[in-house]
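**Q** sequence below, structure please.
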Amino acid sequence: MTDTAHALGASRTLWELVERRAELTPDHPVLIQGDRTLTFGALRERGERVAAGLYDLGIRPGTVVAWQLPTRIETALLSFALARIGAVQSPIIPFYRDREVGFALRESKADFFATPGTWRGFDHTDMARRLGARGIFEAYEDLPEGDPSVLPPPPASGTDVRWIYWTSGTTSDPKGVLHTDRSLIAGGSCLAHALHLSASDVGSMAFPFAHIAGPDYTVMLLLYGFPAVMFEHFGMPDSLDEYRRHGVTVAGGSTAFYSMFLTEQRKQPDAKLIPTLRLLAGGGAPKPPEVYHSVVREMDVQLTHGYGMTEVPMITMGAPDDTAENLATTEGRPPEGMEIRVVDAEGKQVPPGVDGDVRLRGEAVCQGYLDPRQSADAFDEDGFLITGDLGHLLPEGHLVLTGRAKDVIIRKGENISAKEIEDLLHEHPAVQDAAVIGLPDAERGERVCAVLELHAGRARLTMPELTAYLREQGLSTFKLPEQLEVVDALPRNETLRKVLKYKLRERFSGTTSSPAAD
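**A** So this is what the prediction gives:
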């Protein structure tokens, strides 16, 4: 990390980071979208005017504001304007629907809710009204603006909880993860430190800005002073023109993105897909080693993959100067300030090379959960976050993940609760028992597979019937199973008769997925 980036990383708050970067390079671009460009100076100036407009609406320091908005310059402006006021933000992924959105609004007790109106054929404002949301306002193109002189001073403390991010855990309801400005700055600093970027780079945001990766990535832009191209709608091959047009040097997101780039590269193997591209980077989903080798060999770019979660936006990251073996088979190393402890069943630290429970401590770790009961179970007596992931450390510090204690499927970088889907399947009249598992998938990281036991005499359930049923139950599209298997009996142990999901994974990992909505 450069001396300037290191100094900026010491900023107490996100707004202080914006101000300090704007003083250094006010005319340099930070966000690019189509024909529009926002500079660091304009981010500060427009951010203040939008903050004043939000203040006129009644938003004050500590006011809880939920927002469900796509990846747009306006979304970033709104978020930083709220940070300028010192409001508590609750970002919600745009493709969540009534079930998840209603839960987030209730649990956060949001006073205001910003929506994009009708977006991609779905009326978010109508959903907000249906859910009884308070303080609804649309923030897709037009943002409220006002006179910055009405604003109180910017927040001085970076350790107050001002962010509630939502993640699906092992239960059917999402968990509200509590972050501070400092934990988000620390996460972005971890990412910046690992990737060895410079002011001459051009990044890209092809993921939801409402994801924890939003501030993670934006902090990196502010630390190093380079821009990113924002994609409201990402898809291949349509998005390639924007990558080429703006000279993107760093792209990625998750395993699914790597696979999409590879698919396009293979259409014209003798021509580099994006001439300026030198690095693919991401995380959030398992990365098969063969994906790494294929990217390096066929695209002629480096690939670095990392480990993060909503609770800790950046834990480890592969560095461009790591060995090929480490980049292909590990999650990288933790940056300075991130402690990783691997422990056995008794909580005792194990030596390198020995598998155990992965635990974390550092400034980038969240403050806990919105539900105090969940927070009480989340940390051990030494203050380490219990991740529920299994793995081991190599002698030189690289982390290898070998499994998850949490029954969570990570599809295209998004967590999916198996239990939520299983609970809905158990309500189907034809289903006697159900198990939902994640299977390795080169495109998605993992795909969702539903394995069913049917009641005797019931007709076989088809994939279209299953999908239609789950849609009717309100399950979000991205959680729908892509594979359906029907068995005579689910494998169980002989003590508590628990379903042995590892046997199902072994049995069905080599099978193919069925067509499903994406």
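
**Q** tell me where the stretch 151-300 of the chain has helices.
**A** Along the stretch 151-300 of the chain, counting by DSSP state H, counting those that start in this stretch, helices occupy 181-195, 213-224, 240-245, 255-265, 289-299.

**Q** the stretch 1-150 of the chain now?
**A** 3-8, 14-24, 40-57, 73-85, 98-108, 124-130.

**Q** and for the fifth one, what's in contact with it?
**A** For helix 98-108, the surrounding residues in contact (CB atoms under 8 Å, 6 or more residues apart in numbering) are 64, 66, 68, 88, 90, 92-93, 96, 110, 113, 127-128, 130-131, 133, 164, 166, 173-174, 176, 370-371, 474-476. Heads up, the C-betas are built off the backbone N, CA and C, glycines and all.

**Q** could you rerun that using 10 Å?
**A** Residues from elsewhere that reach helix 98-108 (CB atoms under 10 Å, 6 or more residues apart in numbering): 64-66, 68, 88-93, 96, 110, 113, 115, 124, 127-128, 130-134, 164-166, 168, 172-176, 369-371, 420, 473-476, 479.

**Q** can you select the buried ones among those residues for me in ChimeraX?
**A** Command for ChimeraX that selects the buried part of these, burial taken from 16 or more other CB atoms under 10 Å:
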select :64,65,66,68,88,89,90,91,92,93,96,110,113,115,124,127,128,131,133,164,165,166,168,172,173,174,175,176,369,370,420,475,476,479
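
**Q** domains of the chain?
**A** 1-183+192-304, 408-508 (automatic domain parsing).

**Q** what's the spacing between the last one and its chain's center?
**A** Right, domain 408-508. Here domain 408-508 is found 23 Å from its chain centre; the criterion is CA atoms, centre = their mean, to the nearest Å.

**Q** how about the nearest residue to Arg49, chain neighbours excluded?
**A** Glu145 (4.3 Å; CB to CB, 6 or more residues apart in numbering).

**Q** pull the number of nearby residues for the one you found.
**A** By the measure other CB atoms under 10 Å, the count of residues near Glu145 is 17.

**Q** how about it, phi and psi?
**A** Backbone torsions for Glu145, taken as degrees, to the nearest 10, come to phi -130, psi 160.

**Q** show the pLDDT at Arg99.
**A** At Arg99, the model reports a pLDDT of 89.

**Q** and if you look at Thr511?
**A** As predicted, Thr511 sits at a pLDDT of 68.

**Q** Asp355 now?
**A** 89.

**Q** picking up where we left off before, just say which of the domains of the chain is most tucked in.
**A** Most buried of those, by mean neighbour count (mean count of other CB atoms under 10 Å): domain 1-183+192-304, with a mean of 19.

**Q** starting at the chain centroid, how far to that domain?
**A** Counting by CA atoms, centre = their mean, domain 1-183+192-304 is centred 10 Å from the centre of its parent chain.

**Q** these two touch, right, the residue nearest to Arg49 and Arg46?
**A** Yes - Glu145 lies in contact with Arg46 (CB atoms under 10 Å); the separation is 7.9 Å.

**Q** quickly list what's touching both of these two.
**A** Taking CB under 10 Å, 6+ apart as the criterion, Glu145 and Arg46 both touch 77, 81.

**Q** now do the same contact list for the residue nearest to Ala22 when sequence neighbours are not counted.
**A** Take Ala22 and drop its neighbours on the chain: the residue closest to it by CB to CB, 6+ apart is Arg44, 4.0 Å away. Shown in contact with Arg44 (CB under 10 Å, 6+ apart): 15, 18-23, 26, 80, 84.

**Q** likewise Val250?
**A** 195, 197, 201-204, 217, 220, 226, 228, 276-281, 301-302, 304.

**Q** so what's it scoring on pLDDT?
**A** 97.

**Q** kindly report the same for Asp216.
**A** pLDDT, Asp216: 89.

**Q** likewise Phe207?
**A** Confidence at Phe207, expressed as pLDDT, is 90.

**Q** so who does it touch?
**A** When contacts are counted by CB under 10 Å, 6+ apart, Phe207 touches 71, 93, 213-214, 217, 231, 234, 252-254, 257, 282, 284, 412-414.

**Q** which of these sits closest to Thr180?
**A** Nearest to Thr180, judged by CB to CB, of these is Gly214 at 15.6 Å.

**Q** hmm, the closest one is touching Pro313, no?
**A** Yes - at 9.4 Å, Gly214 and Pro313 qualify as touching, with contact defined as CB under 10 Å.

**Q** once you drop chain neighbours, what's closest to Leu484?
**A** Excluding the flanking residues, the one nearest Leu484 by CB to CB, 6+ apart is Met463, at 4.9 Å.

**Q** same question for Ile59.
**A** Closest residue to Ile59 apart from its sequence neighbours, by CB to CB, 6+ apart: Ala87 at 5.5 Å.

**Q** and the one you found, how close does it get to Pro70?
**A** For Ala87, the distance to Pro70 equals 20 Å [CB to CB, to the nearest Å].

**Q** can you check Arg492 too?
**A** 44 Å.

**Q** now do Ala156
**A** Ala156 is 32 Å from Pro70, by CB to CB.

**Q** contacts only, for the residue nearest to the spatial centre of the chain.
**A** Nearest to the mean C-alpha position of the chain, counting by CA atoms, centre = their mean, stands His211 at 4.4 Å. Neighbouring residues of His211 by CB under 10 Å, 6+ apart: 71, 91, 93-94, 165-167, 205, 217, 253, 284, 310, 313, 413-414.

**Q** of these, just say which sits nearest to Arg245.
**A** Nearest to Arg245 among the contacts of His211: Met205, at 15.5 Å, using CB to CB.

**Q** so that closest one makes contact with Met230?
**A** Yes - with contact defined as CB under 10 Å, Met205 reaches Met230; the gap is 4.9 Å.

**Q** can you pull the residues that touch both of those two?
**A** Any residue near both Met205 and Met230 by CB under 10 Å, 6+ apart counts here, and that gives 31-33, 71-72, 76.

**Q** enumerate every residue touching the nearest residue to Ala5 once chain neighbours are set aside.
**A** Counting by CB to CB, 6+ apart, Leu223 is the residue found nearest to Ala5 once chain neighbours are left out, at 4.2 Å. Shown in contact with Leu223 (CB under 10 Å, 6+ apart): 1-2, 4-9, 11, 17, 20-21, 185, 188-189, 191-193, 197.

**Q** can you do 7 Å?
**A** 5, 8-9, 188-189, 192 (CB atoms under 7 Å, 6 or more residues apart in numbering).

**Q** and for Gly347?
**A** So Gly347 contacts Asp380 (CB under 7 Å, 6+ apart).

**Q** still on that earlier bit, gap between the residue nearest to Arg49 and Pro70?
**A** Taking CB to CB, one finds Glu145 at 20 Å from Pro70.

**Q** before we move on, what about Ile92?
**A** Going from Ile92 to Pro70 by CB to CB gives 11 Å.

**Q** what do you get for Glu506?
**A** Distance from Glu506 to Pro70, by CB to CB: 39 Å.

**Q** same thing with Pro29?
**A** Pro29 is 20 Å from Pro70, by CB to CB.

**Q** could you do Arg21 as well?
**A** 24 Å.

**Q** then Pro26?
**A** As for Pro26, its distance to Pro70 is 27 Å (criterion: CB to CB).
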